[in-house]
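J.: curious how this folds, go ahead:
(4 chains)
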Number of protein chains: 2
Amino acid sequence: MTDQEGTRRPKYQRIADELRTAIQSGDFAPGDRLPGENDLMSTYEVARMTARQALAVLRGEGLTEARKGAGVFVRAFRPLRRRGVPRLAGEGWGGGRSVWAAEIEDRALVVDQVTVAEEEAGPRIAQALNLAPHDTVCVRSRRFVLDDRPVLLSVSYLAADLVRGTAITRPDTGPGGTYARLAELGHRPVRFREELRCRMPTADETGRLTLPPGTPVVLIGRTAFTEPGRPVELNEMTLDASSYILEYDFDA
Amino acid sequence: MTDQEGTRRPKYQRIADELRTAIQSGDFAPGDRLPGENDLMSTYEVARMTARQALAVLRGEGLTEARKGAGVFVRAFRPLRRRGVPRLAGEGWGGGRSVWAAEIEDRALVVDQVTVAEEEAGPRIAQALNLAPHDTVCVRSRRFVLDDRPVLLSVSYLAADLVRGTAITRPDTGPGGTYARLAELGHRPVRFREELRCRMPTADETGRLTLPPGTPVVLIGRTAFTEPGRPVELNEMTLDASSYILEYDFDA
DNA sequence: TAGTGGTCTAGACCACTAA
DNA sequence: TAGTGGTCTAGACCACTAA
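T.: Coordinates of the predicted model:
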């Protein structure tokens, strides 16, 4: 098994394959410690860098997590459920029949790193909000932390002229949040568009979300409209992909 | 700059930082060739493995792509747009005001790797379709290729009893596809639920989608319902995340 | 204090690409 | 054929963890 030489598959790949199979067959459960660098070096008679390369494959797949000084461990996947259409979802249509098993969590969310500022819109935000690039926007930035684990970054943009002097420019927007305040101003959002992308995180995102290697982020850009062609808010969210299942319901 | 020693940041990270900055500032445009291993070894006076580690950081972020024997190149991101709610989207609500710039492509999709088979449902599929685990399902598997580039894998599950003897069990389901045939059978889907996840690909997915390293996949599980609690089809899709922007529209 | 993962060196040989 | 990225070795020192 160790050195059949019949295949061209590199050593580090074969080692990674064996470990992956062992994880997926349940030989190693989530949280379990895997054979470390030194174990692999003696078991497979390879150099340290080769053993590391094998472990890097699994880490890159999001299957494992290395803790310095302690070892390499199997990661767990226990996602949150985010409903894109809260008022329509879960009304008997699926009867709890999730495609992917997921515990619906009722744990309390803590919001931190709250900032509110006025900035120049810039071309991208201006385009999304039907403004001119040099117009000023109110920028609300927040981080959501669940059980000490950061799971979501949110940055919201609104035309500064629209919200100046209202609770929307304060860290706490009051009951019902930004959308309730917009409604009071006569700009109730009646329609939403969400655009989703998925990619590997930047260094900054990795830091603020404390992401382990091999974890992608989901970017959601949600635009709120008061009527066709009239966007009032753009909310750009960055999610730890391993923490979320996103759900959307719609009619044919 | 090379060896300030004031910071604890590892050499390979500092090298990666400099290259990343150069890419993002436009010094290297998409498709451009970056300094390779040998360049970095002499420029920064490091060993090959250290230069490789720096390049691996950028590759892991999906920013670059290595071509054996040729060099390391900056990758492009030109996503497709997938509308979750085709009939409602783009009707003046946004007026083409995409959050992320994206060319809407009209290129022809080629479908290959088509297989149709009957299998035992198993617990997960049975749960999604309101069946018993040992019930038989019709499994339709396909791959979508756009301009020679595979972008999506699709596997569709339907109760075998429901579709036996119909065009749904043939590779070509005819005009209107599976949903048109279901309608003819008196099981027209009237509602859909999509569940999205994002993670790093498996080896099999990497192969079938020819994914470069550092590219996540998006998993979409779409359930079609004829009435509350009555699912008729589960379609599990695997998308090359770098090829897609996903869009959903809904009312407040 | 023993063991762990993280970083790094200075070499080597290989298959592949492009001139 | 010269250069490239991919694989691999056999060492070394470090900060960190856990007993």
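J.: below-threshold pLDDT in the stretch 51-200 of chain A: ranges please.
T.: A:78, A:85-109, A:147 (pLDDT under 70).
J.: do a quick rundown of the helices in it.
T.: Counting by DSSP state H, counting those that start in this stretch, the segments of the stretch 51-200 of chain A that form helices are A:122-129, A:160-163, A:177-184.
J.: turn the ones you listed into a markdown table, columns for mean neighbour count and distance to chain B.
T.: The C-beta positions use only the backbone N, C-alpha and C, and glycine is treated the same way. A markdown table is the format used below for these (neighbours: other CB atoms under 10 Å in any protein chain shown; distance: least, CB to the nearest CB, whole Å):
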| stretch | mean neighbour count | distance to chain B |
| --- | --- | --- |
| helix A:122-129 | 18 | 5 |
| helix A:160-163 | 18 | 17 |
| helix A:177-184 | 18 | 8 |
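J.: so which of those is nearest DNA strand C?
T.: Ranking the helices of the stretch 51-200 of chain A by proximity to DNA strand C (CB to the nearest atom of the strand) places helix A:122-129 first, at 33.4 Å.
J.: can you put the helices of the stretch 51-200 of chain A in TSV and add distance to B:Arg124?
T.: Output for those, formatted as TSV (distance: least, CB to CB, whole Å):
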stretch	distance to B:Arg124
helix A:122-129	38
helix A:160-163	46
helix A:177-184	37
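J.: to B:Pro201, which of those lies closest?
T.: Comparing these against B:Pro201 with CB to CB, the closest turns out to be helix A:122-129 (29.2 Å).
J.: for A:Leu153, see how far away A:Val218 is.
T.: A:Val218 sits 11 Å away from A:Leu153, taking CB to CB, to the nearest Å as the criterion.
J.: more neighbours: which of the two?
T.: In terms of neighbours (other CB atoms under 10 Å in any protein chain shown), A:Val218 is the more surrounded of A:Val218 and A:Leu153; the figures are 26 against 21.
J.: doesn't the more buried one fall inside a helix?
T.: No - per DSSP: H, G, I helix; E, B strand; the rest coil, A:Val218 lies outside any helix segment and is strand.
J.: do you have the strands of chain A handy? List them.
T.: Under the criterion DSSP state E, chain A contains strands at A:33-34, A:64-67, A:71-74, A:80-83, A:109-120, A:136-146, A:149-159, A:191-199, A:217-227, A:230-240, A:244-251.
J.: of all residues in the stretch 51-200 of chain A, which one is closest to DNA strand D?
T.: DNA strand D sits closest to A:Gly69 of the stretch 51-200 of chain A, with a gap of 2.5 Å, by CB to the nearest atom of the strand.
J.: what do you get for the stretch 101-250 of chain A?
T.: A:Thr210 (13.7 Å).
J.: where does that residue land on pLDDT?
T.: What the model reports as pLDDT for A:Thr210 is 85.
J.: was I right to think it contacts A:Pro150?
T.: Yes - counting by CB atoms under 8 Å, A:Thr210 does reach A:Pro150; the two are 5.8 Å apart.
J.: might you name the residue of the stretch 1-150 of chain A sitting closest to DNA strand C?
T.: Relative to DNA strand C, the nearest point of the stretch 1-150 of chain A is A:Gly36 (2.3 Å; CB to the nearest atom of the strand).
J.: what is the burial count for that residue?
T.: Close neighbours of A:Gly36, defined as other CB under 10 Å, add up to 14.
J.: how about the nearest residue to it, chain neighbours excluded?
T.: In this structure, A:Gly36 finds its nearest non-sequential neighbour in A:Gly71, 5.3 Å apart by CB to CB, 6 or more residues apart in numbering or on different chains.
J.: what is the burial count for that neighbour?
T.: 16.
J.: re the thing from before, A:Thr210 and A:Pro150: who's more crowded?
T.: For A:Thr210 versus A:Pro150, neighbours defined as other CB under 10 Å are more numerous around A:Pro150 (19 against 13).
J.: distance from the chain centre to stretch A:119-131, please.
T.: Counting by CA atoms, centre = their mean, to the nearest Å, stretch A:119-131 is centred 24 Å from the centre of its parent chain.
J.: now swap in stretch A:11-24 and tell me
T.: 27 Å.
J.: what does it rub up against?
T.: A:7, A:9, A:28, A:34-35, A:40, A:44, A:46, A:50-51, A:53-55, A:57-58, A:61, A:63-64, A:74, B:203 (CB atoms under 8 Å, 6 or more residues apart in numbering or on different chains).
J.: stretch A:170-181 now?
T.: Under the criterion CB under 8 Å, 6+ apart, residues A:114-116, A:140, A:156, A:158, A:163, A:166-168, A:183, A:188-189, A:224, A:233 lie in contact with stretch A:170-181.
J.: try it again with 7 Å
T.: By CB atoms under 7 Å, 6 or more residues apart in numbering or on different chains, the residues outside stretch A:170-181 that reach it are A:114, A:116, A:156, A:166-168, A:189, A:233.
J.: what's the farthest-apart pair in these?
T.: The distance between the two most remote of those (CB to CB) is 21.3 Å, for A:Val114 and A:Pro189.
J.: who has more neighbours out of these two?
T.: Applying other CB under 10 Å to A:Val114 and A:Pro189 shows that A:Pro189 carries more neighbours, namely 21 against 13.
J.: quick one, what contacts the more buried one?
T.: Residues near A:Pro189 by CB under 7 Å, 6+ apart: A:179, A:182, A:224-226, A:232-233, B:252.
J.: out of those residues, which touch DNA strand D?
T.: Among the contacts of A:Pro189, no residue is within reach of DNA strand D (CB under 7 Å from any atom of the strand).
J.: drop anything exposed from those residues.
T.: A:179, A:182, A:224-226, A:232-233 (16 or more other CB atoms under 10 Å in any protein chain shown).
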